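Visitor: make a model of this:
(2 chains)
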Amino acid sequence: DGGITQSPKYLFRKEGQNVTLSCEQNLNHDAMYWYRQDPGQGLRLIYYSQIVNDFQKGDIAEGYSVSREKKESFPLTVTSAQKNPTAFYLCASSAGSYQETQYFGPGTRLLVL
Amino acid sequence: KNQVEQSPQSLIILEGKNCTLQCNYTVSPFSNLRWYKQDTGRGPVSLTIMTFSENTKSNGRYTATLDADTKQSSLHITASQLSDSASYICVVSGQSFQKLVFGTGTRLLVSP
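Guide: Numbering: from 1, shown residues only, chains lettered A, B, ... in the order given. Next up is the predicted model:
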């Protein structure tokens, strides 16, 4: 898992509730990413950030929001607009370019009550 | 459409045996191809990365090959161990952050 931590390991969301997943890295990486993993599907990109105070939507950004106020932190908020949030969420970071290897955190499993 | 297809979906082998996993892709233009190992409930860990000009890369008992002409890659595992039981994911990178395409993975079970 390198120097990337995610918390919590498990998260339960009630209907209509916003929840925030934490991602912290101490690798001094510029770029950070959020992916969603569902059974039988490849990882799908939610948001990515190449530099502090800047981030871009990925393929499935609807219902999610992020912030990048510090280089080492990239929290993901799953809003009530995300109607099917149950999934395994993975945060990753890389030195910068998309060509660099991405290092993944241990993941957060989000479940809906 | 940019796609990465892996086969087989799942595989069971006896401890000590070798196996080969396949990855076919249509991502274009191509930048690099990576193989990741993902243990159940954990994040993926990088095994190998290959660019267009490389056709083989080893990491211990793992050897990846790349044929950029046919857009195929394979991951060969030698003398399998119980700890090799995991999902193996092929990831192909295009020319931008948006062009990183993940395969659905091959789930390998090494049986004693």
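Visitor: from now on I want contacts and neighbour counts done on CA atoms only, so please keep to that.
Guide: Will do.
Visitor: and the residue nearest the centre of chain A, which helix or strand is it part of?
Guide: To find the centre residue of chain A, average its C-alpha atoms and take the closest one (CA atoms, centre = their mean): that gives residue A:34, at 2.9 Å. Assessed by DSSP states H and E, residue A:34 sits inside strand A:31-37.
Visitor: what about the closest residue to residue A:41 other than its chain neighbours, distance to residue B:23?
Guide: Of all residues not flanking residue A:41 in the chain, residue B:104 sits nearest, at 5.0 Å (CA to CA, 6 or more residues apart in numbering or on different chains). Applying CA to CA, to the nearest Å, one obtains 10 Å for the distance of residue B:104 from residue B:23.
Visitor: any common contacting residues for those two?
Guide: Common neighbours of residue B:104 and residue B:23, using CA atoms under 8 Å, 6 or more residues apart in numbering or on different chains, are B:4-6, B:90.
Visitor: what's the most distant pair in those residues?
Guide: The widest separation within the shared contacts of residue B:104 and residue B:23, taken as CA to CA, falls between B:5 and B:90 and amounts to 8.3 Å.
Visitor: show me where chain A has its strands.
Guide: Under the criterion DSSP state E, chain A contains strands at A:4-7, A:10-13, A:19-25, A:31-37, A:44-51, A:54-57, A:64-66, A:76-78, A:87-94, A:103-104, A:108-112.
Visitor: please name every helix or strand in contact with the third one.
Guide: Meaning strand A:19-25. Applying 3 or more CA pairs under 8 Å, 6 or more residues apart in numbering or on different chains; DSSP states H and E, one finds that strand A:19-25 contacts strand A:4-7, strand A:76-78.
Visitor: show me the contact partners of the shortest one.
Guide: Yep, that's strand A:76-78 we're talking about. A:18-23, A:34, A:63-67, A:85.
Visitor: partner strands of that strand, with direction?
Guide: When pairing is defined by DSSP bridges, strand A:76-78 lines up against strand A:19-25 (antiparallel), strand A:64-66 (antiparallel).
Visitor: residue B:59 is nearest to which of these?
Guide: Counting by CA to CA, residue B:59 lies closest to strand A:19-25 out of these; the figure is 25.1 Å.
Visitor: now that closest one - C-alpha only, CSV.
Guide: Listed next in CSV are the C-alpha coordinates belonging to strand A:19-25 (Å, rounded to 0.1, in the frame of the first residue of the first chain):
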residue,chain,number,x,y,z
VAL,A,19,-20.2,10.9,3.5
THR,A,20,-16.5,11.8,3.2
LEU,A,21,-13.7,9.3,2.5
SER,A,22,-10.2,10.3,3.6
CYS,A,23,-7.0,9.8,1.5
GLU,A,24,-3.6,10.9,2.7
GLN,A,25,-0.1,10.3,1.1
